[in-house]
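Visitor: my questions concern the predicted model and sequence given below.
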Amino acid sequence: MDNLIQYSYVVAAALFIFGLKQLGSPATARRGNFVSAIAMLIAVVAALLDQGIVEYQWIAVGVVIGAIIGGAAARLVQMTAMPEMVALFNGFGGMASLLVGWAALAPGSATFTLVTIILSILIGGVTFTGSMIAYGKLSERIGSGAVLFSGQQVVNSLIVLGILGGAVMFCLQPDNHSWLYLVVALSLVFGVMAVIPIGGADMPVVISLLNSYSGLAACAAGFAVNNNILIVAGALVGASGIILTQIMCKAMNRSLANVLFSGFGSGKVEATVVEGEIKPISAEDAYYILEAASNVAIIPGYGMAVAQAQHVVKELAELLERNGAEVNFGIHPVAGRMPGHMNVLLAEADVPYDQLLEMDDINPRMENVDVAIVIGANDVVNPAAREIESSPIYGMPVINVDKARTVFVLKRSMASGFAGIENPLFYKDNTRMLFGDAKESIGQLVREFS
Amino acid sequence: MIPAEVFLTFILMLSIFLGFELINKVPATLHTPLMSGANAISGITLVGAISLAGTGSQDLSNWLGAAAVALATINVVGGYMVTDRMLAMFKKKGS
């Protein structure tokens, strides 16, 4: 029986890997997710066959409660709220690993096991509270700005020292549970402290990193309970999160350390004076320019998600195509609040994925674009990243909308972007500002067309 | 006899490298479903939690295990369902 269980885990691991491989293309991705779900089912059934299990009622209670909550959340969540949901799920994964690590503690455990137990508690705890704070910031239940106070570094260092000390003492005296409780408490506190100094616009990095942690916590729990499949699956998730974190950091031209510790966007930025004047445009005039355009690029940002404008954007794109124009979408890697956020919103609105171009694909085409429409994006189209060396975002790769013949910027008001940085794009000769709610403004354009 | 922890570490090392290779090939357009799918996979903790929740000894360990089962199941069920819901929306032009 025990061999059968172990071989089932081998099959499950192979299917997890195969499922992730199929995620390499949108055409096979859905099948890949299904294969991965089958892998999970096999692993869970194998685990249920374990002879150490004498009583199934609490397992059943847990599974039923979890399945109801998870199923309801998956059905009800709005696509604009995906970042919050992923943050929340990262947290649950972390908490589950913390609990498994803790529950795995048995009298007379070997030192290696004790180390892995304390690791799964530590990583799991940080992931849990860190994710809850990230969830709060993303859903704006708490302020999304960076929280900084003097002596923050000192406090954090003390917490880290406390965790290290507690962990060492725990491994030396596993029967004294005070050390265990100390590490549990401090890792929960540390999760909060680690995420509060990070501002809302940096959330794509944070949730990628917490995604990675939730995998690593599962990995550590795998060591604690001596289970291969937890290690394999946890490592795959860990690697995935780390890669996404790297991509996000690169797209912002910042190091991970800078994102985590600098409190970017907390209002310390010096104002730069930008020459030129703002040229507003009415929806009617914008329509005449669009009507004559044969190549249009649409650059969405978080503002499109906030205004829930994706459906009306799709309508406009369709009208433009019917009018004979080529329409593409340019997606910056950090547009939105999580990796790929814009792509999901546009897919929800039925925009075909081959129309969504990555930054490196759309930039070379920008000179042939008649009209670039920027919807609720700011920093990711800011030419200061190329032109103004003193700008905090200098060097960040951006979508070069200013190279298009005409740029429409849809914006609520002249308030600066999340990072509080002036955007010289608004003052360029070829830029026209279409003020108002994005959904409203595009709705007006759609009405002009029909 | 090579100790078991060496084997576990070996598996960890190979899995991390494999993970990097696999995930690097996922296109940017699928990064959100990738993350929610990863949420689901990290629910693998369920496998560890099951054996701890079924010991039959009504002690702390058993309760912690049962709570972990519930949390991990949220990830597994919610993660796979929402990923499927998203991936169903991705369509190619003309289809």
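Guide: Good, I have the coordinates. Quick caveat: nothing in here was measured; it's all calculated off a predicted structure.

Visitor: low-confidence regions, chain B specifically.
Guide: Along chain B, segments meeting pLDDT under 70 span B:95.

Visitor: find the centremost residue of it, please.
Guide: B:Ile41 (1.8 Å; Cα atoms, centre = their mean).

Visitor: please save the CA atoms from stretch A:308-326 in PDB.
Guide: Listed in PDB are the C-alpha atoms of stretch A:308-326, where the atom choice follows Å, rounded to 0.1, in the frame of the first residue of the first chain:
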ATOM      1  CA  GLN A 308     -14.500  49.000 -15.400                       C
ATOM      2  CA  ALA A 309     -14.100  50.300 -18.900                       C
ATOM      3  CA  GLN A 310     -12.800  47.100 -20.600                       C
ATOM      4  CA  HIS A 311     -16.100  46.200 -22.300                       C
ATOM      5  CA  VAL A 312     -16.700  49.600 -23.800                       C
ATOM      6  CA  VAL A 313     -13.000  49.700 -24.900                       C
ATOM      7  CA  LYS A 314     -13.600  46.500 -26.800                       C
ATOM      8  CA  GLU A 315     -16.700  48.100 -28.400                       C
ATOM      9  CA  LEU A 316     -14.600  51.000 -29.600                       C
ATOM     10  CA  ALA A 317     -11.900  48.700 -30.900                       C
ATOM     11  CA  GLU A 318     -14.500  46.800 -32.900                       C
ATOM     12  CA  LEU A 319     -15.900  50.000 -34.400                       C
ATOM     13  CA  LEU A 320     -12.400  51.200 -35.400                       C
ATOM     14  CA  GLU A 321     -11.700  47.900 -37.100                       C
ATOM     15  CA  ARG A 322     -15.000  48.000 -39.000                       C
ATOM     16  CA  ASN A 323     -13.900  51.500 -40.000                       C
ATOM     17  CA  GLY A 324     -10.800  49.900 -41.600                       C
ATOM     18  CA  ALA A 325      -8.200  50.600 -39.000                       C
ATOM     19  CA  GLU A 326      -5.700  48.200 -37.500                       C
END
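
Visitor: quick one: buried residues of that stretch?
Guide: Of the residues in stretch A:308-326, A:Ala309, A:Gln310, A:Val312, A:Val313, A:Lys314, A:Glu315, A:Leu316, A:Ala317, A:Leu319, A:Leu320, A:Ala325, A:Glu326 count as buried by neighbour count, 16 or more other Cβ atoms under 10 Å in any protein chain shown. For glycine as for every other residue, the C-beta is placed from the backbone atoms N, C-alpha and C.

Visitor: dump the residues you listed to a markdown table, plus pLDDT.
Guide: Formatted as a markdown table, these follow (pLDDT from 0 to 100):
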| residue | pLDDT |
| --- | --- |
| A:Ala309 | 93 |
| A:Gln310 | 93 |
| A:Val312 | 95 |
| A:Val313 | 95 |
| A:Lys314 | 95 |
| A:Glu315 | 94 |
| A:Leu316 | 95 |
| A:Ala317 | 95 |
| A:Leu319 | 94 |
| A:Leu320 | 95 |
| A:Ala325 | 93 |
| A:Glu326 | 95 |
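
Visitor: wait, isn't the residue nearest to the centre of chain B in contact with A:Met40?
Guide: Yes: contact criterion Cβ atoms under 8 Å: B:Ile41 and A:Met40 qualify, at 7.4 Å.

Visitor: between the two, what contacts are shared?
Guide: Here B:Ile41 and A:Met40 share the contacting residues A:Phe16, scored by Cβ atoms under 8 Å, 6 or more residues apart in numbering or on different chains.
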